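J.: Starting from these lines, generate the structure:
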Amino acid sequence: MCGRYVLYGPQSRLTEYFALRDCAAWEPRYNIAPQSDILVVRQRPEVGRVGQSVRWGLIPRWAKDPAIGLKLNNARAETVAEKPSFKAGFERHRCLIPANGFYEWQAVSEDGKAGNQPWYIRPANDGGFFAMAGLLAAWKSPDGTDIVSACVITTTPNEVMAPIHDRMPVFLAPGQFDAWLDPACRDPAGLSRFLLPAPAEGMVAYPVSRRVSNARNEGPDLIDRTEQPTDKKG
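T.: Predicted structure coming up:
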């Protein structure tokens with residue numbers, strides 16, 4: 001799964017990496033949680049790639065209650081082409097979710113007590129970006145308010161992630177951006193070839209403070225390396 005991530009830019013490098021023609025305003029954040037506004041990259045006809053602010057937690061077009069978004073932060077790569085909540089987005093409304101890194105929690109045992117140790121995973125190129133594969137949906141509330149929302153697609157872990165967690169986000173390389181974002185590309189089988197674990201050599205993981213477990217905590221110190229746990233559960 002993917003439940004927290006980081007985006008701090010800088011904006012000029014993000015604009016260059018994703019070849020953005022326009023971008024919504026955003027601030028550096030080191031503990032982005034579901035149900036908050038996030039930056040996504042999408043292809044806008046006759047404009048090109050743009051950065052847009054949306055809500056994290058997919059609300060399908062057919063939903064009667066936006067609360068469904070609380071359960072749809074992630075979509076599994078294995079079933080994204082078939083699940084009613086994600087099928088339309090996978091076929092027609094795909095996006096990229098920029099991140100400088102993400103967090104995952106590893107089950108550990110300390111002094112005989114079960115706990116969870118957060119890890120920070122970033123590109124091997126420190127300061128680089130991950131481009132998480134995402135889906136979009138537009139939902140209209142009964143009062144006429146439009147809400148655009150998104151979710152992250154996850155897949156099985158690579159060699160870096162396997163000791164930490166059994167899922168990881170799908171990351172796309174720059175050479176895959178055009179095909180992924182092209183709304184005219186609607187071949188599920190062709191799109192599914194992108195939904196693989198990223199190469200392990202492109203990632204670095206290390207333990208960080210448990211302060212990140214509280215979504216109210218913010219700041220660059222959250223991604224500082226801390227002492228690695230030695231007594232792992234299971």
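
J.: which residue ranges form the strands in the protein?
T.: Taking DSSP state E as the criterion, the chain contains strands spanning 4-7, 22-23, 29-32, 37-44, 48-56, 74-76, 94-99, 101-110, 113-123, 130-140, 146-155, 168-169, 203-207.

J.: per-residue pLDDT, Asp231?
T.: Looking at Asp231, its pLDDT is 42.

J.: Over to Leu181?
T.: 97.

J.: can you pull the contacts of it?
T.: When contacts are counted by CB atoms under 8 Å, 6 or more residues apart in numbering, Leu181 touches 41-43, 49, 94-96. C-beta coordinates here come from the backbone N, C-alpha and C atoms, glycine included.

J.: and the residues you listed as TSV, adding neighbour count and distance to Pro188?
T.: Output for those, formatted as TSV (neighbours: other CB atoms under 10 Å; distance: CB to CB, whole Å):
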residue	neighbour count	distance to Pro188
Val41	23	21
Arg42	20	19
Gln43	18	18
Arg49	20	23
Arg94	25	12
Cys95	25	17
Leu96	26	19
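
J.: per-residue confidence at the residue nearest to Ala215 when sequence neighbours are not counted?
T.: Computed as CB to CB, 6 or more residues apart in numbering, the closest residue to Ala215 that is not its neighbour in sequence is Ala33, at 4.0 Å. Listed pLDDT for Ala33 reads 98.

J.: Repeat that for Pro142.
T.: As predicted, Pro142 sits at a pLDDT of 85.

J.: what's the burial count for it?
T.: Pro142: 6 surrounding residues under other CB atoms under 10 Å.

J.: picking that back up, can you tell me which of the strands of the chain comes nearest to Ala63?
T.: If you check each of those against Ala63 by CB to CB, strand 130-140 wins as the nearest, at 6.0 Å.
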